[in-house]
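In: give the three-dimensional model of this entry:
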Amino acid sequence: MRVLHKQSGFNLVELVIVIVITGILAGILATFIARPVQGFIDLSRRATLVYSAESAMRRMQRDIRRALPNSLRVNAANNAIEMINTVEGARYRSAPPPGQQARRLTFNNPDSDFDVLGNLASIGVTGLRVAIYNIGAVDLAGTPVRGSNAYALADAVTGTNVVTPAGQAITISENGNEDHINIGGGGFQFTHDSPNDRAYLVDTGISYICSAGQLMRYDNYDFTNSTQPVPPVGADSALMTDNIGSCTFTYEAGTVQRAGLMTLDLTISDPNSGEQVRLLHQVHVDNVP
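Out: Sure, this is the predicted structure:
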């Protein structure tokens, strides 16, 4: 005997009701999810903007802290910074060991050989220059003073300066617990004796310039120019960050009571949304030469 089974399922009315209820629940759920999702997207976009600017500013801070004392300068438009890069520093011998006069640095005549206390890491490095007691003097017009500022030429009368000329060979060799520095070409006469016997090995100028929505870094160029072109001539360049809305660099030189202060004010814009993120960093600068 055949047994008939009753089949059950959704009819059209029930199916429509289910679709309507599902649509209502999906709309309610989307309302609660949309804002967190949009917030996450906004947060990711801002984090990307901040990271691009933050990484550039941290590189600037590192270069500023390594700069030769009193070598920081900002152009009149406040959109460019220049400094002289310090490779390393040491204390030179102002008093020689008994019977070894050649190991001290003299300032009354050109000197080609002297020792520094401790050991340097720049043995074998070429293209270095020696700077001693850069006081960064400028005249009333803001022009670097000859013989007292690393950006100026040698003193017109005495021929002395605070930094050896570009191209004059500097050779470093080991000398026991001290290292020996030789200045080629007959030696060099420095203008001022450092009260703390400090000598710096420097190599290149470094500039940061904001222009056309980009922050560029320039290096590997001769810094001995009273008025540096912007951008510097013959320099290597690297893009630090783009999409810059505005940037302002200000510098307050230090005094005997306080360190110098460099303020970096950078605004980054998102090209799609137009949203802007502003970062303000201040770097304390030790200018004791």
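In: just the strands in the chain please.
Out: Counting by DSSP state E, one finds strands in the chain at the ranges 73-74, 80-91, 113-117, 129-131, 170-175, 178-183, 198-211, 214-219, 236-241, 244-252, 260-269, 276-285.
In: which helices and strands sit right next to the fifth one?
Out: Contact analysis of strand 170-175 by 3 or more Cβ pairs under 8 Å, 6 or more residues apart in numbering; DSSP states H and E lists strand 178-183 as its packing neighbours. For every residue, glycine as well, the C-beta is placed using N, CA and C.
In: distance of residue 206 relative to residue 185?
Out: Distance, residue 206 to residue 185, using Cβ to Cβ, to the nearest Å: 26 Å.
In: and for residue 261?
Out: 39 Å.
In: middle-most residue in the protein, spatially?
Out: Nearest residue to the geometric centre of the chain (Cα atoms, centre = their mean): residue 60, 2.6 Å.
In: and the residue nearest to that residue when sequence neighbours are not counted, what are its bridge partners?
Out: Of all residues not flanking residue 60 in the chain, residue 208 sits nearest, at 5.7 Å (Cβ to Cβ, 6 or more residues apart in numbering). Per DSSP bridges, the residues bridged to residue 208 are residue 81, residue 217.
In: and the closest residue in space to residue 288 that isn't next to it in sequence, what does it touch?
Out: Among residues not flanking residue 288 along the chain, residue 69 sits closest, at 6.2 Å (Cβ to Cβ, 6+ apart). For residue 69, the contacting residues are 134, 136, 200, 286, 287, 288, 289, by Cβ atoms under 8 Å, 6 or more residues apart in numbering.
In: just the buried ones from those residues, in ChimeraX syntax?
Out: To isolate the buried subset of the contacts of residue 69 in ChimeraX, counting by 16 or more other Cβ atoms under 10 Å, use the following:
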select :134,136,200,287,289
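In: just give me the closest of the contacts of residue 69 to residue 75.
Out: residue 136 (15.7 Å; Cβ to Cβ).
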